[in-house]
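J.: Sharing a model prediction with you, sequence too.
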Amino acid sequence: MSDPHNFSLNPQQEQAATYDEGHVLVLAGAGTGKTRTIIARAAHLIRQGIDLQRILLLTFTRRAAREMTQRLYQITGESAQGIMAGTFHHFCLYSMRRMPRHFGLEGANVIDRDDQVQLMKLVRGTLKQKALPLPRAAEMVNLRSYARNTNQSMEDYLKGHTDYDDELIPLIMRAAQGYDQRKRENRYLDYDDILYIFAKTLNEVPETRDRIRAYYDHILVDEMQDTNPLQWLILDALRDPAHLFCVGDDAQSIYAFRGADFRNVHSFTQRVPGATILRLERNYRSTQGILDLSNWLLGRSPLKYGKKLKAHRKAKSMPLLRDFDSDFDEARWIAKDLLRHRAEGRAWSDHMIITRTGHGARAVESFLVEKKIPYRFVGGISLFQAAHVKDLLALLRAALSHHDELAWARYLTLWRGIGDVTAARLITKLRGENDHAAALQQLTGAPKMSAEILEPVAQARREKADPPLAVANAANALAKLLELRYDKWSTRKKDFELLARLAANHRSLSAFIETYVLDPVTASDAAQVDREDIVTLTTAHSAKGTEASVCYLIRVEPGMYPHFRSVGDPDQEEEERRILYVAMTRAQDELIITRTYRTGGYHRSAWGGFGKAQAAQAKYFFDDLNDSLLNWNGGSDRTDVDYDFFDPIQSWDRDF
DNA sequence: GAAGCGTTATACTAT
DNA sequence: ATAACGCTTC
C-alpha cells in the first residue's frame, strides 16, 4: 500500500470510486475492499480538483479515521491532514465548537458514560419510592439514550417499545427530565447531546444549516448500516449540493443497541431519491475455508441477507475449533500458541484476539501480561475509568469549571472529614457564581474547608495552559491521600506518569480532557504508546473494519454467542449472529475458535446468578455445527497443557 | 447528623 | 474492580 502505483482496483471498486452522478450507496460485504474503495474515492475527488477540505469523511471509530487519513496520505502524496475525517461525534462537536454561539455551547463540557450514570443516580435518589422498583440508573441512561438516538420522545419509546408499566413510565420520564435539568445546570454535554443539538439546530435554523452545508461538496460515510436515525437527520441536512457516498453491509450491522437499524441500507433509495446502489462482492481478505464457515453461520439466519462471500484467494485453510476445561486453560493455550507463532518468526501484529465481552478477556489478558506478550486492548476498560485516575481528573475538572458538580463532589470527598453531605453543602456555595475565582472565594473559610483542599484547585487553574505540569502537580497534591486510599499504590502511581505523557500532546487542560472523553485510551494502549508490533486484543464490536492474519475468537460458547442477555428477543439474537459473523470475517489466513463450557473463578458464580443461562444453552449458534467446516481439536486440553507454564489466575481465585 | 467501615451486589456491545 | 448499602462510631 505504500507504493501508490500498486494501488489497483477491480472493476466494481473502480466504478464506485469514480462514480460522479450523484448520491451512492455501496453495498460491500466483509473483506471486499471497502476501505480501499473509500480511499480511492477520496483520491479520485482530489484528482478531479476538489479541495481536500471540502471532503467530509465520516467513519465509525477514530481508529478508522486515522487509518484512512494515513492511507490517503500515502496515495495522494500530499498532506491529507486537511481532510475532515472523524466520527459523527467528532465532526459535530468540532463544527459546533467552531461557532459555539450558534449552538449555545459556551462553557459546556463533555461527559462520559460513567458521569451520565452518576448524574442519573443523583436524580434517581430523589425519585425512589418503596413500592416501585425504579430501573437502575445505568438502565435509565440507556433508555433515554436510545430514545434520543432513534429520534423519538421518551414517552413514545417507553410506551411503544418497552415493557415498563403505566405506573413506572411517568417516573422514568421524570428521571429523564431531572437528568436533563441537572445536566443543564452543570453545563454538561453528553454524547447524545453532541448529535442531538447539532441535528436539531441544522433542522431548525436554516442559516446555520446553510453555512455548514456550504463547507462540503462530498460526504463519505463508512459503516452506513450502523448509523442511527439521529445521524441520518444530520446527513440529510448536509446533503445537496454535497454528494453522499455511503458504504455499508447489512450483515455487519451490530449497533442496534445504539439505535442503528440495518434496514436503513435497504431503504436508501427511498430516503435519497435518485440514488444509485453499487455492490462490491469479491472477498480479498480471507481464505475460502474461513468464508465457508462465515457463510454457513449467516445462512442459518431466518433473515435473508442474500450474501455468500467468495474468496479471491486460492488458499483454503480450514478454521480450527478447540475446547477447554476452563477459561484459564483456554487463556494459557492462547498465550502458548502466540509464543509458538512468535518463535516461528511471525510478527505480534499479525495476531488479533477477539472477545464478545470486555471481562470475558480477563484470563487472556492476565496471561499476556504474565508472558510479557505486548498487546493493546481495544474496547477494554479506559485508563480514565480507573478510580485513582478519576480522582485526579476530578481535581483538574474542578479547576476548569465550578459548575462541574460531579467533579467537585468526587474531589471534595477525597478529603478526610468530608462525606457526601458536606460535599453537597459546599457545592451549593459554588452555584450562581459566574466566575471561578469568585466561586472559590465562596468556599474559603467554610466549615471543613481548608487552604490545603482549595490550593491544588487554584494551582491547576493557573496551570491550565500547561497540561503535563498541571497533571504532575495534581498528582503530587493527591499522592498522600490516594496512597492511604488504595492498595497497590506503586502500580497505580505509574498511571499518572502515563497521564502526564498523554497530556503533553495538548495545549490546554480542557482540550486534553475532552479528547479522552470522546476517545478513551485503555491502560494497555497508554503503556504501549510507542510500539507498533503488538498483539491486538479487541471486542468484536471494536474489531469491525479491521483484519489480521491470525484471529483467535475466544469464549465462543453457549451464553456468549448469542450473548445470554439477548436471548428471547429474535432481533437481538440475530444481531448476535452478525457479531459472530463480523468476528469470523476479520481473519485473513487462520481462524482459531476456542471455547470453554466450564469456567472457573469468577464465571462459575456469575453463571448461577443469571436466570437466562439455561435459556442461553438452548440457543447456541454452534449447536448444529457441520463438522466438515472446521478442524475440531476437541476434548480436554489437559494432556497438552504444560503446568509449569505460569498460571497467574491462582491469585485471583483466592480473591473470589 | 454525618463520617467511616465492612459486606455485598454487580458485570454486553460504544460514540 | 468498584460502588451501593447498612450498620457502627464519632
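T.: Right, received. Where do you want to start?
J.: Can you name the residues that contact the residue of the stretch 351-500 of chain A found nearest DNA strand C?
T.: Minimum separation of the stretch 351-500 of chain A from DNA strand C (C-beta to the nearest atom of the strand) falls at residue A:387, amounting to 3.7 Å. For the C-beta atoms, the positions are set from N, CA and C on the backbone; glycine is no exception. Shown here is residue A:387, whose contacts under the criterion C-beta atoms under 8 Å, 6 or more residues apart in numbering are residue A:486.
J.: Let's see that with 10 Å instead.
T.: Listed by C-beta atoms under 10 Å, 6 or more residues apart in numbering, the contact partners of residue A:387 are A:410, A:482, A:485, A:486, A:492.
J.: could you pick out which of the residues you listed are near DNA strand B?
T.: The subset of these lying close to DNA strand B, counting by C-beta under 7 Å from any atom of the strand, is empty.
J.: Now, the residues you listed that are in helices?
T.: Residues of those located in helices (DSSP state H): A:410, A:482, A:485, A:492.
J.: Top of the residues you listed by number of neighbours, please.
T.: Neighbours here mean other C-beta atoms under 10 Å. Within those, the largest count is held by residue A:410, at 21 neighbours.
J.: distance of that residue from residue A:527?
T.: 25 Å (C-beta to C-beta, to the nearest Å).
J.: circling back: pick out whichever of the contacts of residue A:387 sits closest to DNA strand B.
T.: residue A:485 (9.0 Å).
J.: residue contacts, the closest one?
T.: For residue A:485, the contacting residues are A:387, A:388, A:391, A:414, A:478, A:492, taking C-beta under 10 Å, 6+ apart as the criterion.
J.: Confirm residue A:25 sits in a strand?
T.: Yes - residue assignment for residue A:25, taken from DSSP: H, G, I helix; E, B strand; the rest coil, places it within a strand.
J.: Pick the one among the ones in helices among the contacts of residue A:387 closest to residue A:76.
T.: Using C-beta to C-beta, residue A:492 is the member of these that lies nearest residue A:76, at 44.4 Å.
J.: Was I right to think that closest one contacts residue A:482?
T.: Yes - A contact is recorded between residue A:492 and residue A:482 when judged using C-beta atoms under 10 Å, the distance being 7.3 Å.
J.: on that earlier part again, most widely separated two among the contacts of residue A:485?
T.: Of all pairs drawn from the contacts of residue A:485, the widest gap by C-beta to C-beta lies between A:414 and A:492 and measures 14.1 Å.
J.: how close does residue A:233 get to DNA strand C?
T.: In this view, residue A:233 and DNA strand C are 33 Å apart by C-beta to the nearest atom of the strand, to the nearest Å.
J.: I'd guessed that residue sits against residue A:198; true?
T.: Yes - counting by C-beta under 10 Å, residue A:233 does reach residue A:198; the two are 9.1 Å apart.
J.: Those two - which one has more neighbours?
T.: residue A:198 (26 against 18).
J.: what about that one, distance to residue A:376?
T.: For residue A:198 relative to residue A:376 (C-beta to C-beta), the value is 31 Å.
J.: how deep is residue A:89 tucked in, by neighbour count?
T.: Neighbours of residue A:89 using other C-beta under 10 Å come to 18.
J.: contacting residues for it?
T.: When contacts are counted by C-beta under 10 Å, 6+ apart, residue A:89 touches A:62, A:110, A:191, A:192, A:194, A:195, A:198, A:231, A:518, A:519.
J.: just curious, which of those residues is nearest to DNA strand B?
T.: Within the contacts of residue A:89, proximity to DNA strand B (C-beta to the nearest atom of the strand) peaks at residue A:191, which comes in at 3.8 Å.
J.: roughly how far apart are whatever residue of the stretch 551-656 of chain A ends up closest to DNA strand B and residue A:421?
T.: Of the residues in the stretch 551-656 of chain A, the one nearest DNA strand B is residue A:565, at a distance of 3.9 Å by C-beta to the nearest atom of the strand. Computed as C-beta to C-beta, the residue A:565 to residue A:421 distance reads 36 Å.
J.: ok, these two, which is more surrounded?
T.: Neighbours per residue, other C-beta under 10 Å: of residue A:565 and residue A:421, the larger number sits with residue A:565, 15 against 9.
J.: I'd guessed the more buried one sits against residue A:559; true?
T.: Yes - shown here, residue A:565 and residue A:559 form a contact pair, counting by C-beta under 10 Å, at 9.4 Å.
J.: hmm, back to that, pull the most distant pair out of the contacts of residue A:387.
T.: A:410 and A:492 (16.1 Å).
J.: Alongside DNA strand C, which residues does chain A contribute?
T.: Counting by C-beta under 7 Å from any atom of the strand, the residues of chain A that sit close to DNA strand C are A:118, A:121, A:385, A:386, A:387, A:388, A:390, A:486, A:488, A:652, A:655.
J.: Out of those, grab the one that's most surrounded.
T.: For the residues of chain A next to DNA strand C, neighbours were counted by other C-beta under 10 Å; the highest total belongs to residue A:388, with 20 neighbours.
J.: Wasn't that residue part of a strand?
T.: No - assignment of residue A:388 by three-state DSSP gives helix, placing it outside any strand.
J.: Excluding sequence neighbours, find me the nearest residue to residue A:274.
T.: On the basis of C-beta to C-beta, 6 or more residues apart in numbering, the spatially nearest residue to residue A:274 that is not a chain neighbour turns out to be residue A:22, at 6.0 Å.
J.: What of residue A:232?
T.: Leaving aside its chain neighbours, residue A:232 sits nearest to residue A:264 (6.9 Å; criterion: C-beta to C-beta, 6+ apart).
J.: For the one you found, give me its contacts.
T.: With contacts defined as C-beta under 10 Å, 6+ apart, the neighbours of residue A:264 are A:25, A:224-229, A:231-232, A:246, A:248, A:250, A:253, A:271.
J.: helix, strand or coil for it?
T.: Of the three states, residue A:264 takes helix according to three-state DSSP.
J.: Now that we're looking at it, what pLDDT does it have?
T.: With respect to pLDDT, residue A:264 scores 82.
J.: Same question for residue A:643.
T.: The per-residue confidence score, pLDDT, reads 41 for residue A:643.
J.: Could you check how far the longest strand seen in chain A is from the centre of its chain?
T.: Of all segments of type strand in chain A, defined using DSSP state E, the longest is strand A:587-596. When distances are taken as C-alpha atoms, centre = their mean, to the nearest Å, strand A:587-596 is centred 23 Å away from the chain's centroid.
J.: Now do the strands in the stretch 51-200 of chain A.
T.: For the stretch 51-200 of chain A, applying DSSP state E, counting those that start in this stretch gives strands covering A:55-58, A:84-86, A:109-110, A:188-189.
J.: Where among the ones you listed is average confidence lowest?
T.: Looking over the strands of the stretch 51-200 of chain A, mean pLDDT reaches its minimum on strand A:84-86, with a mean of 88.
J.: Quick one: check that one for contact with DNA strand B.
T.: No - residues of strand A:84-86 are not located near DNA strand B by C-beta under 7 Å from any atom of the strand, the shortest gap being 7.9 Å.
J.: Pull the distance from that strand to the chain's centre.
T.: Worked out by C-alpha atoms, centre = their mean, strand A:84-86 lies 17 Å from the chain centre.
J.: Span of stretch A:101-114 from start to end?
T.: Using C-alpha to C-alpha, to the nearest Å, the end-to-end distance of stretch A:101-114 comes to 28 Å.
J.: With stretch A:217-225 instead?
T.: For stretch A:217-225, the first-to-last residue distance is 22 Å (C-alpha to C-alpha).
J.: Rounded mean pLDDT for it, please.
T.: With pLDDT averaged residue by residue, stretch A:217-225 scores 95.
J.: Can it be said to contact DNA strand B?
T.: No - for stretch A:217-225 and DNA strand B, the contact criterion (C-beta under 7 Å from any atom of the strand) is not met; the two come no nearer than 10.3 Å.
J.: Go through that stretch and flag the buried ones.
T.: Within stretch A:217-225, the residues scored as buried using 16 or more other C-beta atoms under 10 Å are A:217, A:218, A:219, A:220, A:221, A:222, A:223, A:224, A:225.
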